[in-house]
Every structure is written in C-alpha cells, then in structure tokens.
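any chance you could fold what I've pasted below:
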Amino acid sequence: MAVIHVPPPSCSVPHDIRRDGLPLIHGEKVGRKFPGKEEVTAIWDMSFGIAEGQITAVIGESGSGKSTLLKLIYGLLEPDEGEVRYRGWRVPGPREKLIPGHDAMRMVSQGFDDLNTYANVWDNVASQLSNTDLESKFRRTGLMLDRLRISHLAKQRIADLSGGEKQRVAIARALINDPEVLLMDEPFNQVDASLRETLQADIRRIVAESGLTVVLVSHDPAEVLSLADALIVLKGGRLIAAGRPADLYHRPPNAYIARLLARSNVLAPYEAMPLGISNKSAVAIHPDWISLQANPDSVFIVTAAHFKGFYEELTVRGEQLTLNVISTDPGRTPVGSRVDVNVLTYLEFLG
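Numbers count the residues shown, from 1 in each chain. The predicted structure follows:
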C-alpha cells in the first residue's frame, strides 16, 4: 500500500507569469458583497492569476462565487475591495462604461441572452460586424460558421435550435470580432452529453489556432478535467487552490478538492483503521485506488452497482464505513457480494 503525503495548502496562489511580471488577468484581494436583508459576501479576499492563451476553468460547489468572479473579470460587476487587472490595467466597472464589459473580452451567458431568438443563425452572427465592407462581412461570417460547424444551420431560427446548437451560435457570435478573452458561464449545461466532447475539442482547436484565452465556469469538474489547462477552485467565496488539473486530482491539498474532483473517500483515522491504515490525520482514497476480492466471510458487502460502460461505480458498506469504488471489470462483483477491500494508494493530509 502506497501513501502520498500532502502538506498543508499554501496561502500563495501559483499563476503563470508574462514577461512584464504579471499574468494576463489578475486580481488582488478582490471582495464583492451583495446587499439585502442579510448581506451576502460572494467573493472574499481573493487573489488570482489567469494565463494568456490557455483555458482556465473556475470550479466549486453551488454558491461558491464562480459566476460572480466571471462578472468581476468582465467588468459587469465592480469589486467592493481590491481590483481586477487586464494586461496590467484595471478593469473598469459598470459605472464607468455606457455598455458594461471589457472591450477585449466577450462573454457567453447560460441563458443565451444576447441571441435574437427569432432571427436566423447567419444574421445573429453577422449582426456583430459593420456594414462598411459587406464582402468582408459575408466572408468572415461564413468562416466563423464553418469554424463552429454550424454552416448547415445558417438559415434556421435560433428558436428552432437545440441547446447545443444555440451554444455554438453564441460562441460564434462572441468570437466574430476576434476578442482576446472568451468568458463562458456553464458552457456545457445545455449540451447533450454525446456532443460535449466535440464542442470541447472545437474550443481547444480554436485556442490552439488563435491564441485565445478562455475562462469558463463549471458546476461539474469532471467535464473540464480534460479540457482545462488550469483550475481555480472556489469554496464559500474564497480561492482555496489553483493549478493544473492532473496535479490537483492526484495531489488534492484538502478533503474538499479530493471530493470535488475525484469523489474521493475521505476518512477519519478511526474509519480508516478497518482498511489497515493507521494514521493520526484524515486520509483520502480515490475510488480507482481500491481493488476488491471476493470473500464470503468479509464484513464488506457490495450494496449498489451503477453500470458506466467499460467500468462501474460500486457502493461497498462495512460495519461503520461506506466506500465509493470504481471497478474496470463490470459484473465481476454483483450487488450482494461480500468482498475484501484492498487499498492500493491513499493520501494523507498533513497539518
């Protein structure tokens, strides 16, 4: 059994640095509150950096401040404390601009509010370009529709499209004027699961071809693990970790991130003892770090099995312990089986 020791999380936030010493977008001690019967602090003392030419995903549980952060970056909201800067310049808030939003950025919202529902796809995208050069307008619109694989929808009304098709139109409309940054709030929320990978591949291709910087918010970390170059993890309005997806998955700095990214089994010392782990601090065991072996005399029993294709998700219960387990051999341990639980690797949280 291997153990990975995870030191206490540092207060510093790693970010990719440009030649002038700053990331493309950075915030320093940003705070934002919303007044009401009870004042709500959406963002608190947050410092962050977002690298140029990469895809950064902002993740966290509901109410963690993800959408608020996106609006602060774009300039739709103004921070109560601290500031957000783009290329070293402070991002102006809505009180400073007739039309809020940073000129170098475009934002795609969840509800596709910017789309003209009863106009067709071509007109929705072309309407963002000037009429001073109609030949260029026609050519650029056609190229953008090709880029997002929606040329065949050019004459269809937005009202007649699926959620995934609307998302592609919204992205095309946002990119037609070549912004430097694309912000997306839950971009895959209304996209069928079968089409998400294709849309993600197209976004990655556009980033690679154009150097576009993408910042997106997602409620489902699993859907951005393979897409994002960097993650920003929020909890309760605070930034608790930032880094590469693989690093945060394999070495989560705390139990919250272990559960969020890997649905990890986080166990107190007394819970880990029946698994042969003697430890003074909490441990995390990812579901794929457990193997099961049939044993009719074991105290552990498989109580649920969810088929996922080439693997299945199992629930295994002991006397005072419940574990999530991933099996890559579906059907080998059916519900009701008694099994020995073998932990291959676990994380030990220090401090």
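
show me the helices in the stretch 101-250 of the chain, by range?
121-126, 134-147, 163-175, 193-210, 245-250 (DSSP state H, counting those that start in this stretch).

need these in CSV (columns: distance to Pro23).
Just so you know, the C-beta spots here come from the backbone N, C-alpha and C atoms, and that holds for glycine as well. CSV is the format used below for these (distance: least, C-beta to C-beta, whole Å):
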stretch, distance to Pro23
helix 121-126, 31
helix 134-147, 27
helix 163-175, 22
helix 193-210, 16
helix 245-250, 18
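
which one of those lies closest to Ile73?
helix 163-175 (14.6 Å; C-beta to C-beta).

what are the contacting residues of the closest one?
106-108, 112, 114-115, 121, 124-125, 128, 144-145, 147-150, 153, 158, 161, 182, 184, 187-192, 195, 199, 203, 206, 212 (C-beta atoms under 8 Å, 6 or more residues apart in numbering).

now the buried members of these.
Using 16 or more other C-beta atoms under 10 Å as the burial test, the contacts of helix 163-175 include 106-108, 112, 115, 121, 124-125, 128, 144-145, 147-148, 150, 153, 158, 161, 182, 184, 187-188, 191, 195, 199, 203, 206, 212 as buried.

do I have it right that Gln54 meets Thr213?
Yes: the criterion here is C-beta atoms under 8 Å, and Gln54 meets it with Thr213 at 6.5 Å.

who has more neighbours out of these two?
More crowded of Gln54 and Thr213, by other C-beta atoms under 10 Å: Thr213, with 22 against 18.

excluding its backbone neighbours, what's nearest the more buried one?
Once flanking residues are discounted, Thr213 sits nearest to Val181: 4.7 Å by C-beta to C-beta, 6 or more residues apart in numbering.

for that neighbour, give its distance to Glu223.
21 Å (C-beta to C-beta, to the nearest Å).

ok, now which ones touch the residue nearest to Thr213?
Leu24, Ile25, Tyr86, His102, Ala104, Met105, Arg106, Leu212, Thr213, Val214, Val215.

would you agree Tyr74 is in contact with Ala104?
No: Tyr74 lies out of contact with Ala104 (C-beta under 8 Å); the separation is 10.2 Å.

okay, these two: which has more neighbours?
Under the neighbour definition other C-beta under 10 Å, Tyr74 and Ala104 were set side by side, and Tyr74 has more, 22 against 15.

ok, the more buried one - contacts?
So Tyr74 contacts Val91, Pro100, Gly101, His102, Met105, Met107, Leu183 (C-beta under 8 Å, 6+ apart).

can you redo those residues as JSON lines with pLDDT and distance to Leu267?
Output for those, formatted as JSON lines (pLDDT from 0 to 100; distance: C-beta to C-beta, whole Å):
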{"residue": "Val91", "pLDDT": "97", "distance to Leu267": "43"}
{"residue": "Pro100", "pLDDT": "92", "distance to Leu267": "47"}
{"residue": "Gly101", "pLDDT": "94", "distance to Leu267": "46"}
{"residue": "His102", "pLDDT": "96", "distance to Leu267": "45"}
{"residue": "Met105", "pLDDT": "97", "distance to Leu267": "43"}
{"residue": "Met107", "pLDDT": "95", "distance to Leu267": "41"}
{"residue": "Leu183", "pLDDT": "97", "distance to Leu267": "38"}
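
which of these ranks first by neighbour count?
Neighbour-wise, these (other C-beta under 10 Å) top out at Leu183, 26 neighbours.

distance check, that residue against Ala104.
From Leu183 across to Ala104, the span is 11 Å (C-beta to C-beta).

how far away is Met184 from Leu175?
11 Å.

before we move on, back to that, could you dump the helices of the stretch 101-250 of the chain into TSV and include mean pLDDT?
As requested, those are arranged in TSV below (pLDDT from 0 to 100):
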stretch	mean pLDDT
helix 121-126	97
helix 134-147	96
helix 163-175	94
helix 193-210	91
helix 245-250	94
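
and Gln320, which of these is closest to it?
helix 245-250 (28.0 Å).

kindly export that closest one (C-alpha atoms) in PDB.
Only the C-alpha atoms of helix 245-250 are listed here, as PDB (Å, rounded to 0.1, in the frame of the first residue of the first chain):
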ATOM      1  CA  PRO A 245      -6.000  19.600 -13.300                       C
ATOM      2  CA  ALA A 246      -3.800  16.500 -13.100                       C
ATOM      3  CA  ASP A 247      -1.800  17.900 -10.100                       C
ATOM      4  CA  LEU A 248      -5.000  18.800  -8.200                       C
ATOM      5  CA  TYR A 249      -6.600  15.400  -9.000                       C
ATOM      6  CA  HIS A 250      -3.700  13.300  -7.900                       C
END
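
domains in the chain, as residue ranges please.
Domain assignment for the chain, taken from automatic domain parsing, gives 2-104+179-259, 263-349.

pull out the buried positions in stretch 300-316.
So stretch 300-316, judged by 16+ other C-beta under 10 Å, has buried residues Phe300, Val302, Ala305, Glu312, Glu313, Leu314, Val316.

so which residues make contact with it?
So stretch 300-316 is in contact with 287, 292, 317-318, 322-328, 330-331, 333-341, going by C-beta under 8 Å, 6+ apart.

just the buried subset of those residues, please.
Using 16+ other C-beta under 10 Å, the buried ones in these are 287, 292, 323-327, 330, 333, 337-339, 341.
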